[in-house]
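Peer 1: Provide a 3D model corresponding to the input given below.
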Amino acid sequence: MASTAFAAPACTIGTAGQTQRISVGETGRSMLIHIPAGFDGTDPAPLLFLLHGSTATGAAMLRDSRLEATSDAHGFILAAPDAGIPAGEGFVWNIPGVPTVTGDIPGPEDADDVAFFRAAIDWLAAQHCADPARVYATGLSGGGRMTSWLGCVASDKFAAIAPVVGLRAGNPDPDEPQRPDPKTCRPDKPLPVIAFAGAKDNTNPITGGGAGYWQYDMHAAEMRWAALNRCRAAPVTRWVAPGVYEERYSDCRNGADVVGRITVDGGHSWVVDSEELWRFLSAHRRGK
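Peer 2: Have a look, this model is predicted:
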């Protein structure tokens, strides 16, 4: 009796090497998705979300980050959504209880961005495009804060995160804003974190202060993530490139290191070594 062969499901949402706007399932929202060059759709690929800054767009973030080339070189899907709350000529992210740059605190009528990311990951996995064990997030400024927030409340969906000029570990404590409020960041598992920042950033200063959503310094955020990840080794600081130093917390549970990379002359911008960003993120899988 002749056997019947069945073809394995394949990803068909886009064209390899191109960026297209894709409607995301039944969410009512879309996002720009770059399918890496050479991707044939037979095996699900790693997925990196790229989050824009406040009042910007996913399209502008794709342009400024130049991560499409990194996607092509390493074979990961790159997704650049717009945030859920319109503001100015762009959008801002919904971090509950935290004022946006417009001064407004998101309300129940505003789009739930965390729910959107969860739905987008599930949909892309169901389309056999994204490997749910290799989902990552990075973002600039307000997108960096949103990336941090996803780490706090959706660690079950992400394998590692990389905030840029926006590392947080929860909201500032209402009584002591110079430290994170532990009640507002409770990931259900250790989550590897690499954060990029500029020492001359006057918008989200690494020394703290700034707007009400900022306040505590970058070291406090790193230390809180190190505590959450149960890192046991004392932090080590070293120069990793001319004008760039690293603060690393290691010997963490499940290998979930916490790393801060500071560009001495960097400001409030995309101060990222894209190869290092992907090297760190891609070393981790969810659940391992």
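Peer 1: show me the strands in the stretch 151-288 of the chain, by range?
Peer 2: 160-164, 193-198, 236-241, 244-249, 258-263 (DSSP state E, counting those that start in this stretch).
Peer 1: and Arg134, which of the three is it?
Peer 2: strand (DSSP: H, G, I helix; E, B strand; the rest coil).
Peer 1: for Val271, give me its contacts.
Peer 2: Val271 is in contact with 164-165, 196-198, 263, counting by Cβ atoms under 8 Å, 6 or more residues apart in numbering. In this view, the C-beta of every residue, glycine as well, is placed from N, C-alpha and C.
Peer 1: cutoff 6 Å now
Peer 2: 196, 198, 263 (Cβ atoms under 6 Å, 6 or more residues apart in numbering).
Peer 1: do Ser71 as well
Peer 2: Contacts of Ser71 (Cβ under 6 Å, 6+ apart): 34, 36, 78.
Peer 1: quick one: Lys157 and Asp122 touch, right?
Peer 2: No - Lys157 lies out of contact with Asp122 (Cβ atoms under 6 Å); the separation is 8.7 Å.
Peer 1: Leu78 touches Pro46, doesn't it?
Peer 2: No - shown here, Leu78 and Pro46 do not form a contact pair, counting by Cβ under 6 Å, at 9.7 Å.
Peer 1: all helices of this structure, in order?
Peer 2: 58-65, 67-74, 113-126, 142-153, 218-228, 274-282 (DSSP state H).
Peer 1: redo these as TSV? Include mean pLDDT.
Peer 2: Listed next are those as TSV, based on pLDDT from 0 to 100:
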stretch	mean pLDDT
helix 58-65	98
helix 67-74	98
helix 113-126	98
helix 142-153	98
helix 218-228	98
helix 274-282	98
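Peer 1: of all those helices, which one is nearest Thr15?
Peer 2: For the helices of the chain, proximity to Thr15 was assessed by Cβ to Cβ; helix 67-74 is nearest, at 12.6 Å.
Peer 1: compute the inter-axis angle for the closest one and helix 274-282.
Peer 2: 60 degrees (axes from the mean of the first three to the mean of the last three Cα atoms, to 10 degrees).
Peer 1: could you list the low-confidence segments of the stretch 101-250 of the chain?
Peer 2: Within the stretch 101-250 of the chain, not a single segment meets pLDDT under 70.
Peer 1: in contact with Val258, which residues?
Peer 2: 193, 222, 225-226, 249.
Peer 1: try Ile95
Peer 2: So Ile95 contacts Trp149 (Cβ under 6 Å, 6+ apart).
Peer 1: how near is it to Thr138?
Peer 2: 16 Å (Cβ to Cβ, to the nearest Å).
Peer 1: swap in Ser250?
Peer 2: On the measure of Cβ to Cβ, Ser250 and Thr138 end up 21 Å apart.
Peer 1: and for Met223?
Peer 2: Applying Cβ to Cβ to Met223 and Thr138 gives a distance of 21 Å.
Peer 1: more neighbours: which of those two?
Peer 2: A count of neighbours by other Cβ atoms under 10 Å puts Thr138 above the other of Met223 and Thr138, at 30 against 20.
Peer 1: pretty sure the more buried one is touching Ala162, no?
Peer 2: Yes - using Cβ under 6 Å, Thr138 makes contact with Ala162 at a distance of 4.0 Å.
Peer 1: dump the residue contacts of the nearest residue to Arg224 once chain neighbours are set aside.
Peer 2: Distances taken as Cβ to Cβ, 6 or more residues apart in numbering put Ala169 closest to Arg224, at 3.6 Å, once the chain neighbours are dropped. By Cβ under 6 Å, 6+ apart, Ala169 lies in contact with 180, 185, 221, 224-225.
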